[in-house]
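**Q** have a look at this prediction, sequence included:
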2 protein chains.
Amino acid sequence: MLEKIAVSKGQKGKSTQDDIVYAHIFDAILEQRIAPGTKLNEESLGEIFGVSRTIIRRALSRLGYEQVVVLRPNRGAVVASPSIEEARQIVFSRRIIEKAVTELVIENAEDAQIDKLKKLVLDEQNCFDRGDRGAGIRLSGEFHLRMAELANNAPLLSFQRSLVSQCSLIIAQYESGAKSHCSYDEHFELIDAIRQRDKAKAVSLMMHHLDHIEKKLNFDEDTSSNDLKSVFSNIFAKK
Amino acid sequence: MLEKIAVSKGQKGKSTQDDIVYAHIFDAILEQRIAPGTKLNEESLGEIFGVSRTIIRRALSRLGYEQVVVLRPNRGAVVASPSIEEARQIVFSRRIIEKAVTELVIENAEDAQIDKLKKLVLDEQNCFDRGDRGAGIRLSGEFHLRMAELANNAPLLSFQRSLVSQCSLIIAQYESGAKSHCSYDEHFELIDAIRQRDKAKAVSLMMHHLDHIEKKLNFDEDTSSNDLKSVFSNIFAKK
DNA sequence: CTCAAACAGCTTGTATACAATTAAGATATA
DNA sequence: TATATCTTAATTGTATACAAGCTGTTTGAG
């Protein structure tokens, strides 16, 4: 059964069981099929995937390390639901990383590699056009990941992976319905600037790109939240 | 028995078993009591710490995620031994993060918090003066971690944690004997610049600080290496 | 004597059973 | 009725047993 799922998800052959489970839960969270705050019960997940709790626990630890789920000792895992403040910190970090990544890509990547990126953005466009917002958000994240790959720096790539995941969560949580969050138009523009090796322009485009995410955050600040402390903070006087 | 170790290490009370095991292996690696490349056998570690393989595996995964050990599927964990190229990437990442951190600290940290840092550097000085190089390297890393804490940005802090660990490994691996690697003098200077809220000077000091690490890398490049591919690259013709 | 295939051991991967902890409901007391 | 304590069910934490995989050695054929 797991085999079938693995194939349907197009995972590489060498995937072990926890990789598969990890990838499925990860995708489900980023595509908003599981809401932020949802409790992730180990035994239920085990039954769903047909594996023991051992495997589920490994997958959950990994998700916990990437901050996509929150692990509460003795109380299990829940899907992360970043607060506005946490979201701001995450976007801030991305600013720093994306700037460096963009510059590295311009310095190091070959034309052919950059062209490949375009295909990915076409896929992304496709998803949004046919209304699959979840997959669109994920592909949009993948675009930024591929950029980091072309930067040729392993630690930056792994940090970017974590940041992009968390950003997708934030977008899923805070951005209102139909609006395209991370418009593929901007991705196309960015690729062109990189292709022309125009560092200043590319970095500036990237920063604007992130501005858009952050502006949405401010705009939708009043969205209902799971963070009880912030919901009721106006009732109780501050210490 | 574990209890005793926990106390002797001054861990906080809420430490669970894997935290303790994790911390011990971590410290042992960073203090060079285990050499890079050493195989970490699960059962042996289990006996040493008096816990089951379950706990050891959790600790090893975590170390693997932080890149302090390398996990090879079906073949166990070994202490990481970064190649020169990997080391360069790590130092490059640190340049980016440390610049951002330094600026944030100057913007956000209170005088009292900065003063606290000074005590830490005194401890560091102490260690080197009395010849405890291992502990010195660890404290030097802790200095940079504290800086990241004062920056008030959770994702940056967690990335910094991973980078600092890896850097300590690099220093332990490549730097020759007695030389102080990350001289505490520079830490003192840095603190002063931050205290005066002199961004340009502080950032420049920090960059020089990292230059020193990197220069050592180049200088000691000929040190015997575990990277067989590079060792024998002169024998076989390139494809 | 060289090389290859089969075997044995040891180590890691996974499932399961049991212990410890938490959360919720029930009962009792003021 | 409100509060506190006890009890119980559910869930997580840990140990252990068994399965699968790798490594090194032995054995046999060329």
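**A** Cool, the structure landed. Numbering: from 1, shown residues only, chains lettered A, B, ... in the order given.
**Q** and the residue of chain A at minimum distance from DNA strand D, how many neighbours?
**A** Nearest residue of chain A to DNA strand D: A:Gly76, at 2.8 Å (Cβ to the nearest atom of the strand). Every C-beta, even on glycine, is put in place using the N, C-alpha and C of the backbone. Residues lying near A:Gly76 (other Cβ atoms under 10 Å in any protein chain shown) number 14.
**Q** nearest residue to it in space, please, no chain neighbours.
**A** Nearest non-adjacent residue to A:Gly76, counting by Cβ to Cβ, 6 or more residues apart in numbering or on different chains: A:Lys39, 6.1 Å away.
**Q** between the longest helix along chain A and helix B:84-108, how many degrees?
**A** Ranked by residue count under DSSP state H, the longest helix found in chain A is helix A:84-108. Interaxial angle of helix A:84-108 relative to helix B:84-108 (axes from the mean of the first three to the mean of the last three Cα atoms, to 10 degrees): 140 degrees.
**Q** what sits against the residue of chain A closest to DNA strand D?
**A** A:Lys39, A:Leu40, A:Asn41, A:Glu42 (Cβ atoms under 8 Å, 6 or more residues apart in numbering or on different chains).
**Q** tell me the phi and psi of it?
**A** With angles defined as degrees, to the nearest 10, A:Gly76 sits at phi 80, psi -180.
**Q** A:Ala80 too?
**A** The phi/psi pair for A:Ala80 (degrees, to the nearest 10) is phi -60, psi 150.
**Q** was I right about it contacting A:Val69?
**A** Yes: A:Ala80 lies in contact with A:Val69 (Cβ atoms under 8 Å); the separation is 5.7 Å.
**Q** out of those two, which sits in the more crowded spot?
**A** A direct count of neighbours by other Cβ under 10 Å for A:Ala80 and A:Val69 places A:Val69 higher, at 27 against 22.
**Q** do you know the pLDDT at the more buried one?
**A** pLDDT for A:Val69: 97.
**Q** cool, A:Arg62 as well?
**A** Looking at A:Arg62, the pLDDT reads 96.
**Q** count of residues packed around it?
**A** 20.
**Q** could you measure from it over to B:Glu189?
**A** 40 Å (Cβ to Cβ, to the nearest Å).
**Q** ok, now A:Phe92?
**A** Distance from A:Phe92 to B:Glu189, by Cβ to Cβ: 27 Å.
**Q** coming back round to it: and the contacts of A:Gly76 near DNA strand C, which?
**A** Residues of the contacts of A:Gly76 in contact with DNA strand C (Cβ under 7 Å from any atom of the strand): none.
**Q** which members of these occur in helices, if any?
**A** Per DSSP H, the contacts of A:Gly76 map to helices at A:Glu42.
**Q** between the contacts of A:Gly76, which is nearest DNA strand C?
**A** Nearest to DNA strand C among the contacts of A:Gly76, with distances taken as Cβ to the nearest atom of the strand, is A:Glu42, at 9.3 Å.
**Q** from what I can see A:Phe92 touches B:Asn153, true?
**A** Yes: A:Phe92 is in contact with B:Asn153 according to Cβ under 8 Å; the separation is 6.2 Å.
**Q** so for those two, which sits in the more crowded spot?
**A** The residue with more neighbours, out of A:Phe92 and B:Asn153, is B:Asn153; 23 against 18, by other Cβ under 10 Å.
**Q** now for that one: which residues touch it?
**A** Going by Cβ under 8 Å, 6+ apart, the list of residues near B:Asn153 reads A:Gln89, A:Phe92, A:Ser93, B:Leu104.
**Q** export those residues to JSON lines and tack on distance to DNA strand D and pLDDT?
**A** Compiled in JSON lines, the contacts of B:Asn153 are given as follows (distance: Cβ to the nearest atom of the strand, whole Å; pLDDT from 0 to 100):
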{"residue": "A:Gln89", "distance to DNA strand D": "26", "pLDDT": "96"}
{"residue": "A:Phe92", "distance to DNA strand D": "31", "pLDDT": "97"}
{"residue": "A:Ser93", "distance to DNA strand D": "28", "pLDDT": "98"}
{"residue": "B:Leu104", "distance to DNA strand D": "33", "pLDDT": "98"}
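**Q** may I see the PyMOL selection of the buried members of the residues you listed?
**A** PyMOL command restricting the contacts of B:Asn153 to the buried ones, with burial defined by 16 or more other Cβ atoms under 10 Å in any protein chain shown:
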select buried, (chain A and resi 89+92+93) or (chain B and resi 104)
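**Q** any chance of TSV for the contacts of B:Asn153, columns distance to DNA strand C?
**A** Shown next, in TSV, are those (distance: Cβ to the nearest atom of the strand, whole Å):
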residue	distance to DNA strand C
A:Gln89	26
A:Phe92	32
A:Ser93	30
B:Leu104	34
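**Q** I'd like the contacts of A:Gly76 as a markdown table, with neighbour count and pLDDT appended.
**A** Listed next are the contacts of A:Gly76 as a markdown table, based on neighbours: other Cβ atoms under 10 Å in any protein chain shown; pLDDT from 0 to 100:
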| residue | neighbour count | pLDDT |
| --- | --- | --- |
| A:Lys39 | 13 | 96 |
| A:Leu40 | 20 | 97 |
| A:Asn41 | 14 | 97 |
| A:Glu42 | 16 | 97 |
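**Q** okay but A:Phe159 is in contact with A:Ile97, surely?
**A** Yes: between A:Phe159 and A:Ile97 a contact is recorded at 6.2 Å, counting by Cβ under 8 Å.
**Q** these two touch, right, A:Leu60 and A:Gly46?
**A** No: at 11.0 Å, A:Leu60 and A:Gly46 do not qualify as touching, with contact defined as Cβ under 8 Å.
**Q** of these two, which one has the most company?
**A** Neighbours of A:Leu60 and A:Gly46, each counted by other Cβ under 10 Å, are more numerous for A:Leu60; the result is 23 against 17.
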